[in-house]
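Trainee: Quick one, fold the following:
(chains A, B, C and D)
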There are 2 protein chains.
Amino acid sequence: MPKNQGREPGHTGPTTDLDATIARLHRETPLWQAFLSVHRHIVERLAEQMLTDHRLPLDWFDVLVHLADVPGRRLRQRELRDRLLLSESGVSRLLVRMAEAGFLERTPADDDRRGVAVALTDQGAAALVAATGSHLELVAGLFTGKLDATEVVALQHILAKLA
Amino acid sequence: MPKNQGREPGHTGPTTDLDATIARLHRETPLWQAFLSVHRHIVERLAEQMLTDHRLPLDWFDVLVHLADVPGRRLRQRELRDRLLLSESGVSRLLVRMAEAGFLERTPADDDRRGVAVALTDQGAAALVAATGSHLELVAGLFTGKLDATEVVALQHILAKLA
DNA sequence: GATAGTTGCTTGCACAGGCAAGCTCAATAC
DNA sequence: GTATTGAGCTTGCCTGTGCAAGCAACTATC
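Mentor: Alright, predicted model coming up:
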């Protein structure tokens, strides 16, 4: 690997800056890179499995979970937006698609006539119930299950500090 | 919170299934949810900072890092594809855009005339050098720096088991 | 209560990504 | 050699997302 090509020793130039930058990256990011890598691979597998086994995009599953998790199985669109970390338009169109597919119902909110209330349908609930089992199995297989009790506790602690 | 509405006690139906599903989700996913949440928030902040402070999408920065990290600052397109976890077409168009912006050069590979070799330009190297400092600071601020030495080791260990 | 500002949502536009089809070149079989 | 298969990359089409503009309804101030 040619370093500092065609430079007298001691000379400082752009190539040297670059080498220093690379060195810093090597020193300071492996942990973060590992975190990213683990995340990517698990999410990829979860999404793939959800889609092939249940014909359900993982995002849709997430929406179903959030809806089911709330009293009355019903949320304002705005609230979903917060939980999903999606843009307003993104949520809007996502929910339209899911409503067209029959997983939820969009009705005008009763207390605010601009607003839209999103309610889980029976079909949505059924899809959620059907998909959850194998999803949790895979989460366990790829994540939780790979760690022993001590590590789980440690990770809980660490993630709490990072949140 | 109304549960089991309009059902005699002991009856088992869809609502009960749903409740059981929710209960499982509550029991089995909080760790995974925490992981997802931490990942999302950090990535969001890193991407935002990279874009506003350096007019550089985080994906582009990643490409620059991978290119700079390799002897000769040059990679086959196929190799980048592996490291970036992107589809072939995705990489192709991403690299075209970055080449148009002057960050890298796409030339035919010398050993394989179908292939494309991607080489870091001086401008690309300069952009990387300029952006890395504040990026690493933010990574430290949001991630590594929030953990003490023991936790770092623990997390390394955990991520290695998950990889 | 009118007026101004804000909030919740939708829509037009632009852009990035995946898939599948296509093209060129390489490798292998014969 | 020729033929077949496959690898590396690009392009057309479709989908999904964000941004900004727009609209309707709510709130606050006067």
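Trainee: Phi first, then psi, for A:Pro108.
Mentor: The phi and psi values for A:Pro108, taken as degrees, to the nearest 10, are phi -60, psi 140.
Trainee: now it, nearest residue through space, not along the chain?
Mentor: With sequence-adjacent residues excluded and distances taken as CB to CB, 6 or more residues apart in numbering or on different chains, A:Pro108 is closest to A:Val116, at 6.6 Å. C-beta coordinates here come from the backbone N, C-alpha and C atoms, glycine included.
Trainee: cool, A:Ala140 as well?
Mentor: Once chain neighbours are set aside, the closest to A:Ala140 by CB to CB, 6+ apart is B:Glu28, at 7.1 Å.
Trainee: Contact partners for the one you found?
Mentor: Contact partners of B:Glu28, counting by CB atoms under 8 Å, 6 or more residues apart in numbering or on different chains, are A:136, A:139-140, A:144.
Trainee: Need the residue closest to the centroid of chain A.
Mentor: When chain A is reduced to its mean C-alpha position, the closest residue under CA atoms, centre = their mean turns out to be A:Val43, at 7.0 Å.
Trainee: Okay, buried residues for the helix or strand hosting that residue please.
Mentor: Taking DSSP states H and E as the definition, one finds A:Val43 inside helix A:30-54. Using 16 or more other CB atoms under 10 Å in any protein chain shown as the burial criterion, the residues of helix A:30-54 that qualify are A:31-32, A:34-36, A:38-39, A:42, A:46, A:49-50, A:54.
Trainee: Dump those to JSON lines, plus distance to B:Arg97 and pLDDT.
Mentor: Converted to JSON lines, the buried residues of helix A:30-54 look like this (distance: CB to CB, whole Å; pLDDT from 0 to 100):
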{"residue": "A:Leu31", "distance to B:Arg97": "30", "pLDDT": "96"}
{"residue": "A:Trp32", "distance to B:Arg97": "25", "pLDDT": "95"}
{"residue": "A:Ala34", "distance to B:Arg97": "28", "pLDDT": "94"}
{"residue": "A:Phe35", "distance to B:Arg97": "27", "pLDDT": "95"}
{"residue": "A:Leu36", "distance to B:Arg97": "22", "pLDDT": "94"}
{"residue": "A:Val38", "distance to B:Arg97": "28", "pLDDT": "94"}
{"residue": "A:His39", "distance to B:Arg97": "25", "pLDDT": "94"}
{"residue": "A:Ile42", "distance to B:Arg97": "29", "pLDDT": "94"}
{"residue": "A:Leu46", "distance to B:Arg97": "29", "pLDDT": "94"}
{"residue": "A:Gln49", "distance to B:Arg97": "32", "pLDDT": "94"}
{"residue": "A:Met50", "distance to B:Arg97": "31", "pLDDT": "94"}
{"residue": "A:His54", "distance to B:Arg97": "35", "pLDDT": "94"}
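Trainee: Pick the one among those residues closest to DNA strand D.
Mentor: In terms of CB to the nearest atom of the strand, no member of the buried residues of helix A:30-54 lies closer to DNA strand D than A:Met50, at 13.7 Å.
Trainee: Export only the CA atoms of the helix or strand hosting A:Leu128, formatted as CSV.
Mentor: In the assignment (DSSP H and E), A:Leu128 maps to helix A:122-142. What follows is helix A:122-142 as a C-alpha-only set of coordinates in CSV (Å, rounded to 0.1, in the frame of the first residue of the first chain):
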residue,chain,number,x,y,z
ASP,A,122,-60.8,-6.9,12.7
GLN,A,123,-58.7,-7.7,9.7
GLY,A,124,-55.9,-5.6,10.9
ALA,A,125,-56.0,-7.2,14.3
ALA,A,126,-56.1,-10.7,12.7
ALA,A,127,-53.1,-9.8,10.6
LEU,A,128,-51.2,-8.7,13.7
VAL,A,129,-52.1,-11.8,15.7
ALA,A,130,-51.1,-14.0,12.8
ALA,A,131,-47.8,-12.3,12.2
THR,A,132,-46.6,-11.7,15.7
GLY,A,133,-45.6,-15.3,16.6
SER,A,134,-43.0,-15.9,13.9
HIS,A,135,-41.8,-12.3,14.2
LEU,A,136,-41.1,-12.7,17.9
GLU,A,137,-39.4,-16.0,17.2
LEU,A,138,-37.1,-14.4,14.7
VAL,A,139,-36.4,-11.5,17.0
ALA,A,140,-35.5,-14.0,19.7
GLY,A,141,-33.4,-16.0,17.2
LEU,A,142,-31.5,-13.0,15.9
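Trainee: rewinding a little: could you report the pLDDT at the residue nearest to A:Pro108?
Mentor: Residue-level confidence at A:Val116 comes out at 95, pLDDT.
Trainee: Many thanks, have a good one.
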